[in-house]
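1. Structure for the following, please:
(one chain, ligands or ions: 1)
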Amino acid sequence: MIKTKIFDEFTCLADKCEMTCCRGWSIRVEEADMEKWKASEETAYLCDKTAEGQMKLSHCKTCILLDENGLCEMVKRHGDEALSKTCKEFPRKVNKIYELTDEQEGKVLCEEYSLTGACPAVLQLIDKEEKNAKIVEIPALCEHELEFAMPVPMEYRIRNMLLYFLQETEYTLEEKLMLCFDFLHECLECEWETEVDDCIEVYQDCENEEEHVALYRDMQYKKEEAFYELCQTFFDVTEFYKEEQMYGAYLTALFDFVEKMDTSAYLEAWEQFKQDFTREDAFFTKVIVSEIFSDCISDDLEILIESFQSIVMEYIMTRVSLFLKEQLLQAQGMHVQHTEKIAYMSLYIRMIGHNVDGMAEYWEDNFDDPILEKEYLYLLLQ
Ligand code: SF4
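-> This is a model prediction of the structure:
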């Protein structure tokens, strides 16, 4: 069993949570719980008749069981045990890795326990960790290292390499993310699993890593074009969400600001902000590691890459949002609070990380391919 470092420390903030998970998104409920609710007159009203498998929400997308103090009526009346599996488990996630056999499903090799950063209490715990602490101990990197152990499915070997780049190498966060993305593109080119294992070995070699990173450092891009593209992406990602009550409180002012913004006038401030923002690298590295550990596990490599791209976008959107907010507040003689990074990252994990299909569609519509080109991701990251 593998657990992220903070897994056992989690407790819900309950009525002190400003971003309750009972508001702002659809709440999917396990089939068994849904059937149980439907079968009783007392609970049938909890099922959304227009969206199969989802809980009924109020007109402002809030769970109808959430009381005015931010507490759950179900728990108040019937205790934790009455909750659906979805509500009981959030923000915990469990992945089971199955042994590779000729049959469909072998025995469970390992269970992995993690927490999603869609819950701000999880990000608060990560923020309290020491700068160099590892959020998860990386399991064996590739089949060759396991020797006599059972072979781990390919998607986990690939994911473990991403964790290795982020936790074990000494580059900047942007360079590490590019190293990950470069490696994923390389895997996509492989026809056979053995080629992916070779690829893993090549990328573990320090000299090769150094060579790849040197290439990004030499990549030419126009700063103004990059910042304009970033603002445009912010505009596209937030356009619909800002209409919803909970998201609007964080996004509307920034959206209006970007709409009227002359990007060239803010270019210098943006460059300075990015440099100062590297002081948050340790926090965001841990958050990204934690999200990759939970979510980059699809056996379809394209879907795994879309999940990775989404996690990188959560970080990119958080960074630019904090910059925009800082510009707005500075005009009033104020500054962004340290804790705002938690609110925005949590928000984007909900908006992007829980809508990977929607993001893939967005990339497909804009670039004819849901898998981004390396140069494009680099442009947004810079
Ligand atoms: S988001 Fe996290 S802290 Fe907030 S109510 Fe949900 S589980 Fe509790």
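
2. Could you list the residues of the stretch 101-250 of the chain in contact with the ligand?
-> Within reach of the ligand by CB under 6 Å from any ligand atom, the stretch 101-250 of the chain has these residues: Cys119, Ala121. (Glycine included, C-beta is placed from N, CA and C.)

3. So which residues of the stretch 101-250 of the chain form strands?
-> Secondary structure of the stretch 101-250 of the chain, counting by DSSP state E, counting those that start in this stretch: strands at 108-115.

4. can you pull out the helices in the stretch 51-200 of the chain?
-> For the stretch 51-200 of the chain, applying DSSP state H, counting those that start in this stretch gives helices covering 73-78, 85-89, 120-128, 143-146, 154-168, 173-189, 193-204.

5. buried residues in stretch 131-139?
-> Lys134, Ile135, Val136, Ile138, Pro139 (16 or more other CB atoms under 10 Å).

6. domains in this structure, as residue ranges please.
-> 22-89, 119-382 (automatic domain parsing).

7. now do the same end-to-end measure for the shortest one.
-> With CA to CA, to the nearest Å as the measure, domain 22-89 spans 13 Å from end to end.

8. neighbours of the closest residue to Trp270 other than its chain neighbours, just the number please.
-> Excluding the flanking residues, the one nearest Trp270 by CB to CB, 6 or more residues apart in numbering is Phe227, at 5.5 Å. As a burial measure, Phe227 scores 23 neighbours (other CB atoms under 10 Å).

9. likewise Glu42?
-> So Glu42, with other CB under 10 Å, has 8 neighbours.

10. same deal with the one 3 residues further on?
-> Other residues near Tyr45 come to 10 when the count uses other CB under 10 Å.

11. Next up, the contacts around it.
-> Lys56, Ile64 (CB atoms under 8 Å, 6 or more residues apart in numbering).

12. from what I can see, it looks like it's in a strand, true?
-> No - counting by DSSP: H, G, I helix; E, B strand; the rest coil, Tyr45 falls outside a strand, being helix.

13. Give me the distance between it and Lys56.
-> Going from Tyr45 to Lys56 by CB to CB, to the nearest Å gives 7 Å.

14. do Ala269 as well
-> Ala269 is 45 Å from Lys56, by CB to CB.

15. Those two - which one has more neighbours?
-> Lys56 (17 against 13).

16. Just checking, which helix or strand of this protein averages the lowest pLDDT?
-> helix 143-146 (a mean of 48; mean pLDDT, DSSP states H and E).

17. Verify the stated contact: Met317 with Ile349.
-> No - Met317 lies out of contact with Ile349 (CB atoms under 8 Å); the separation is 10.1 Å.

18. Can you pull out the low-pLDDT segments for the stretch 101-250 of the chain?
-> 101-105, 139-151 (pLDDT under 70).

19. try 50
-> 141-144, 146-149 (pLDDT under 50).

20. in it, what residue is nearest the ligand?
-> Cys119 (3.2 Å; CB to the nearest ligand atom).

21. can you give me the helices for the stretch 201-350 of the chain?
-> Using DSSP H, counting those that start in this stretch, helices in the stretch 201-350 of the chain cover 206-218, 223-238, 245-260, 267-277, 281-295, 301-330, 340-351.

22. Quick one: work out the angle between the longest one and helix 245-260.
-> Between helix 301-330 and helix 245-260, the angle formed by their directions is 70 degrees, by axes from the mean of the first three to the mean of the last three CA atoms, to 10 degrees.

23. The shortest one too?
-> Taking the same axes, to 10 degrees, one finds helix 267-277 and helix 245-260 inclined to each other by 140 degrees.

24. what packs against helix 267-277?
-> Helices and strands touching helix 267-277, as assessed by 3 or more CB pairs under 8 Å, 6 or more residues apart in numbering; DSSP states H and E, comprise helix 223-238, helix 301-330.

25. do the second one as well
-> Helix 223-238 is packed against helix 245-260, helix 267-277, helix 301-330, helix 374-381, with contacts defined by 3+ CB pairs under 8 Å, 6+ apart.
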